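Colleague: pasting the structure only:
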């Protein structure tokens, strides 16, 4: 499996191909529906985002509480389509990677190509296993959202697949 360091480099983005298995290493941010809505509102109001979105990767996850000695509880991906209404705007502001599960709509695919970004797919139902690749968790913003708060995670060898590459090739459409 190919190891990919985060934040994503332009070279990595250009060479990742749909269906390719990868191990992600570095920092990612968590954000689900409610956090995406808050990020949209901040952009709409012309306010600064609570994290550096340029070249960032967001993981669509709402983790369970951590057990003693762990950075995080079970941390499986959530359905990415719920973030589709907000994704093109975040990509236009510099987001380069997303991790989730399931198909993305046509507007997201077009925005991935336009912004030279990538969508990764993590295996649903494997939250306990995926949590072992998360070595650190730090709160960032929206703590009132509890499990859906914006947090920063440090990951080591986080397993996933390239779901949609920067050319628009989609793992769900491959024959």
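Modeller: Structure's in. What do you need? What you see is a predicted model, and the numbers here were worked out from it, not measured in a lab.

Colleague: okay, CA-based contacts and neighbour counts for the rest of this
Modeller: OK.

Colleague: Out of the helices and strands in this protein, which is least certain?
Modeller: helix 127-131 (a mean of 90; mean pLDDT, DSSP states H and E).

Colleague: so how far is that one from its chain's centroid?
Modeller: With CA atoms, centre = their mean, to the nearest Å as the basis, the distance from the averaged C-alpha position of helix 127-131 to the chain average is 15 Å.

Colleague: pLDDT averaged over the longest strand seen in the chain - what is it?
Modeller: Ranked by residue count under DSSP state E, the longest strand found in the chain is strand 150-164. The predicted model assigns strand 150-164 a mean pLDDT of 97.

Colleague: cool, stretch 108-117 as well?
Modeller: Taken as a whole, stretch 108-117 has a mean pLDDT of 98.

Colleague: what's in contact with it?
Modeller: The contact list for stretch 108-117, computed with CA atoms under 8 Å, 6 or more residues apart in numbering, reads 13-14, 84, 87-88, 91-92, 94-97, 118-119, 164-168.

Colleague: Produce a ChimeraX select command limited to the buried residues of those.
Modeller: Written as a ChimeraX command, the selection of buried residues from the contacts of stretch 108-117, which uses 16 or more other CA atoms under 10 Å, is:
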select :13,84,87,88,91,94,95,96,97,118,119,164,165,166,167,168
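
Colleague: Filter the contacts of stretch 108-117 down to the ones in strands?
Modeller: Applying DSSP E to those, the entries found in strands are 97, 118-119, 164.

Colleague: Mind picking the one among these that's closest to residue 6?
Modeller: Comparing the ones in strands among the contacts of stretch 108-117 against residue 6 with CA to CA places residue 97 closest, at 9.3 Å.

Colleague: With adjacent residues omitted, what lies nearest to that closest one?
Modeller: Nearest non-adjacent residue to residue 97, counting by CA to CA, 6 or more residues apart in numbering: residue 57, 4.1 Å away.
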